[in-house]
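**Q** Could you look at this predicted model? Sequence included:
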Amino acid sequence: MAMTGKRRVLYRQGSGFWRMTAKWVLAFGALYLLDGGLLRSWGDALVWPMIGILLWVPFGIGVVWYPKKDQRVELTARELRVRRRRLPMEKVNLLHVARLWLEGRSTADHQPVLEWTRFDRVVWVPLRDGRAFGVEFRDPAAFAKVFGAFAVEACGGPDIVRARAAAETYPDPLPMRPHSARDAGSWPDLLDIFN
């Protein structure tokens, strides 16, 4: 948890640009050291950093990083921010999040949340209007832990969550299908059904 100005940041995930760049530098730096130290001269081995620099823009940025640029996420007590889009907490069904966290499960599948492995996975954030907003995470279990604990606290604690979940009814969240770039914002969201 970090403080940014006057906001309390509960969870933050970067876009991975600097991590990708560091891996790129390490890979071509290792080739340079291996080639210059063991195989050829240091001058001849300079070809590896040059190849790395030339390939970094089209492949490092274009192929590896660009498709994952939307993974920049910040969760505060007031909003969930995905890149530049903001989702206010007033639109999120925190009772559903808290109930699922207490039950240790997800709406998308029957695998317990704490058993999720660390790889890119979409986590569905339920909205009050019955839709669910998908956000991709590199460590989904860590986000679910923070978001679930926040939802339980915001709803008043585990006992209140269980009592409200038993008494209240709300629509089961259905995920929103992402729009293609050509019709972004022109058609209403089409809904999928969880498998």
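**A** Received the coordinates, thanks.

**Q** residues near Q13, how many?
**A** 18 (other Cβ atoms under 10 Å). All C-beta atoms are positioned from the backbone trio N, CA, C, and that covers glycine.

**Q** quick one, strands of this structure?
**A** Using DSSP state E, the strands found in the chain span residues 2-4, 7-13, 73-76, 79-82, 85-88, 121-126, 131-137, 174-175.

**Q** partner residues bridging the most centrally placed residue in the chain?
**A** When Cα atoms, centre = their mean is applied to the chain, the residue found nearest the centroid is F137 (2.6 Å). When bridges are called by DSSP bridges, F137 pairs up with R121.

**Q** Where does pLDDT dip in this structure?
**A** Residue ranges of the chain with pLDDT under 70: 1-6, 62-70, 106-111, 177-195.

**Q** And for it, the residue most distant from the center?
**A** Note on the chain: the largest C-alpha distance from the chain mean falls to S41, namely 44.2 Å (Cα atoms, centre = their mean).

**Q** Which residues are in contact with the residue nearest to the centre of the chain?
**A** By Cβ atoms under 8 Å, 6 or more residues apart in numbering, the contact list for F137 reads Q13, Q71, V73, D120, R121, V122, V123, F143.

**Q** The third one is in contact with R84, isn't it?
**A** No. In this structure V73 lies outside contact range of R84 using Cβ atoms under 8 Å: 11.6 Å.

**Q** This completes my enquiry, with thanks.
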